[in-house]
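>>> Sequence and predicted structure below; questions after.
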Amino acid sequence: STLSSHFAASSPSALETEYEAATTASPDGVNKNLVSALSAYKDLLATSIDSIQTMERFIIMHIPQMEDGNNFGVTVQMTVAKALKDARESLLKKMDSLLAYYNDRAGAVE
C-alpha cells in the first residue's frame, strides 16, 4: 500500500506519534517521509487527471448526433462525460489543496 511504502508505522496513530517526536526534536526540520508521500500523491493525482481527460475527450468525440427519439446512447455518453468532468475537477481541487498545505505549514513555522 502507499501508506506502508512511505511510512514505517503501520497505523495513523503510530504516524502521529512519530511526527510529534520529530517536531519536538526539530520544529523547523523537514519530514522526509511526508514530503515523499506528498510527492507520490501529486504524481498519482496528475496521472489520474491525465487519464480522466483522455477518457473525457474520447467520449465527447464519439457522441453520436441527436435524432428524433432513441437518444438513450447519447444521454448515457453525456452523463458519463459529466461524471468524468466532475471527478477531474475534484482531483484538481485536491491538487490545489496541496499548495495550501505548504503555505499553511510555512505560516505555522514563522
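That came through, no problem. Predicted model only: the values in this text are computed from it and were never measured.
>>> buried ones in the helix or strand hosting Glu16?
Per DSSP states H and E: Glu16 is located in helix 12-25. Using 16 or more other C-beta atoms under 10 Å as the test for burial, helix 12-25 gives 15, 22. All C-beta atoms are positioned from the backbone trio N, CA, C, and that covers glycine.
>>> model confidence over it, on average?
The pLDDT scores in helix 12-25 average 82.
>>> immediately after that helix, which helix or strand?
Downstream of helix 12-25, the first helix or strand assigned by DSSP H and E is helix 32-61.
>>> how much space between Val76 and Arg88?
Applying C-beta to C-beta, to the nearest Å, the value for Val76 to Arg88 is 19 Å.
>>> Comparing these two, which shows the higher neighbour count?
The residue with more neighbours, out of Val76 and Arg88, is Arg88; 18 against 12, by other C-beta atoms under 10 Å.
>>> these two touch, right, that one and Asp50?
No: counting by C-beta atoms under 8 Å, Asp50 is not a contact partner of Arg88; they are 9.6 Å apart.
>>> any weak-confidence spans in the protein?
1-4, 7, 9, 110 (pLDDT under 70).
>>> Go through it and flag its longest helix.
In the chain, assigned by DSSP state H, the helix with the most residues is helix 72-109.
>>> how far off helix 32-61 does it point, in degrees?
Interaxial angle, helix 72-109 versus helix 32-61 (axes from the mean of the first three to the mean of the last three C-alpha atoms, to 10 degrees): 160 degrees.
>>> List the buried residues for helix 72-109?
Going by neighbour count (16+ other C-beta under 10 Å), the buried part of helix 72-109 is 77, 81, 84, 88, 91.
>>> State whether the last one and Ser51 are indeed in contact, as I suppose.
Same thing as Leu91. No: between Leu91 and Ser51 there is no contact under C-beta under 8 Å: 10.1 Å.
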